[in-house]
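Student: sequence plus predicted model, see below.
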Amino acid sequence: MKPGRRPRVVRVPPALRPGDRIGIVAPAGPVRKERLESGMAYLRGRGFDLLAGDHLFERRAYLAGDDAGRLGDLNRILADRSVKAVWFARGGYGSARIVEGVDFGPLATRPKALVGYSDSTVLHAAAFRAQRLVTYYGPNVSDLGDEESFDEASLWRALQGDESRGIEESLAGATVLRDGKEIARMYPARWFYRKHEDEATTEVAIRRGFAEDLYLVMPAFSVEEQSASMGIHVNPLVNWVWAGFGVLAIGTGVALLPETVFTFALASLPAGAATASMLLMALLLWPSTLLAQQTVPVTQKSALHKQIEGEILCTCGCRNAVGSCGMLNCPGHKSQEEKLVAYLADGKDHDQIIAAFVADFGSQAVLTAPLDRGFNRVAWAFPYLVGIAGLIAIVVSARRWSGTPTVAAAGDAGLDPTINARLDDELRDLD
């Protein structure tokens, strides 16, 4: 081991990303081939490129080959610039026999994640002593085939997540083929921030090209089924758009130049050069066939399909129509869509499909709005009838309250005759 000068800071290796190369070595005991291959298949399934040690499958009594071979594998992978992590195959015994010869010097400028446990603990301690490197005490490669033997979420949160920001990443891998040949591997993702798990961000995977750009988006995924839905977008001539902006900017600058500049430039040109330039420009601008957008085949929904998606509810409890349910991995959306596709495949029309959903659910509560027939049609009119009746009652009451009260006509009916006689006498006395 070559400790060199001990740094005064702690080195944290870069987070692993799909496509990174992981070196696998066996510094201690021999490895059962089937368990190791199962673990390596797990790592490949997560999108990593693997570099195996030359003596990985060797066996010498209770060791994975002789000391020189195991030490050579480890030093070679530590020095390999393409390797982002070193993952130990298994524990046992033997790491202490080679630790003094391990060269941790390359980790000073290119820190790598060291992962493993058991007998490799001595290598973790030596790496920290030599370079103060943060290492990961986690499952060995031979353990990765059994996902029940370790906490998968914690492992990848440590190796890939950003604990300072509290990010958990869900990643999907896709291989892009052209004419049957692989041209790229892309990894769209969704990031879930701590305390904001319901506000995931979408990380778009982009492959830029001269004629077109390819965008991959992962709107939904299922960890249990290890599946994801992909949104594929091909944007043609994106780079040409930017080139057009550049030409526009140059043209604007030329147009703003003072006229004296053009006079000087034309005077400096040889005879006939201006005419040749105009002819060249005319040829470049002459109408021609241009590269158009390439169409990516997608599954098209019929108008009836879209209409019914807006008329039936998702059964997940979100109270939204199936076509607008925003939940990820929604079982209700999946169930309703499967029924709808089956009904359409059977040739049912709109009313038959709606009736089938109502019959299956047991009531019209599965619909976004009640059916406009029978009592429901009367029920729609009931509020209007109540309003009209109330208006009539208000008008009648207002007319009754605002009318002039009837006054009885004056006369002698009902008066005492004695009083009438006295009134007549008093009136005559006044005369």
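Tutor: Cool, the structure landed.

Student: now stretch 339-347 - C-alpha only, PDB.
Tutor: Extracted as PDB, the C-alpha positions of stretch 339-347 are listed here (Å, rounded to 0.1, in the frame of the first residue of the first chain):
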ATOM      1  CA  LYS A 339     -62.800  -2.600 -19.700                       C
ATOM      2  CA  LEU A 340     -63.300   0.300 -22.100                       C
ATOM      3  CA  VAL A 341     -60.800  -1.300 -24.600                       C
ATOM      4  CA  ALA A 342     -62.600  -4.600 -24.300                       C
ATOM      5  CA  TYR A 343     -66.100  -3.100 -24.900                       C
ATOM      6  CA  LEU A 344     -64.800  -1.200 -28.000                       C
ATOM      7  CA  ALA A 345     -63.200  -4.400 -29.300                       C
ATOM      8  CA  ASP A 346     -66.600  -6.100 -28.900                       C
ATOM      9  CA  GLY A 347     -68.200  -3.500 -31.200                       C
END
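
Student: from residue 233, how far out is the spatially most central residue of the chain?
Tutor: Closest residue to the average C-alpha location of the chain: residue 202 at 3.5 Å, with CA atoms, centre = their mean. Per CB to CB, to the nearest Å, residue 202 is found 12 Å from residue 233. (Each C-beta comes from the backbone N, C-alpha and C, glycine too.)

Student: give me the common contacts of these two.
Tutor: residue 217 (CB atoms under 8 Å, 6 or more residues apart in numbering).

Student: who are the packing partners of the host helix or strand of residue 247?
Tutor: In the assignment (DSSP states H and E), residue 247 maps to helix 238-255. Judged by 3 or more CB pairs under 8 Å, 6 or more residues apart in numbering; DSSP states H and E, helix 238-255 is in contact with strand 212-222.

Student: per-residue pLDDT, residue 202?
Tutor: pLDDT, residue 202: 81.

Student: could you grab the helix/strand/coil label for it?
Tutor: For residue 202, the secondary-structure state derived from DSSP: H, G, I helix; E, B strand; the rest coil is strand.

Student: got the contact list for it?
Tutor: If you count contacts by CB under 8 Å, 6+ apart, residue 202 has them with 188, 190, 217-219.

Student: ends of stretch 11-23, how far apart?
Tutor: 19 Å (CA to CA, to the nearest Å).

Student: now do the buried residues in that stretch.
Tutor: Buried residues in stretch 11-23, counted by 16 or more other CB atoms under 10 Å: 11, 13, 15-16, 18, 20-23.

Student: ok so, going back, in the sheet, who's paired with the residue nearest to the centre of the chain?
Tutor: residue 190 (DSSP bridges).

Student: quick one: the helices in the stretch 201-350 of the chain?
Tutor: 238-255, 259-268, 273-285, 303-309, 331-345, 350-361 (DSSP state H, counting those that start in this stretch).

Student: these: which one's closest to residue 175?
Tutor: helix 238-255 (22.2 Å; CB to CB).

Student: for the closest one, give the mean pLDDT please.
Tutor: On average, helix 238-255 scores 80.
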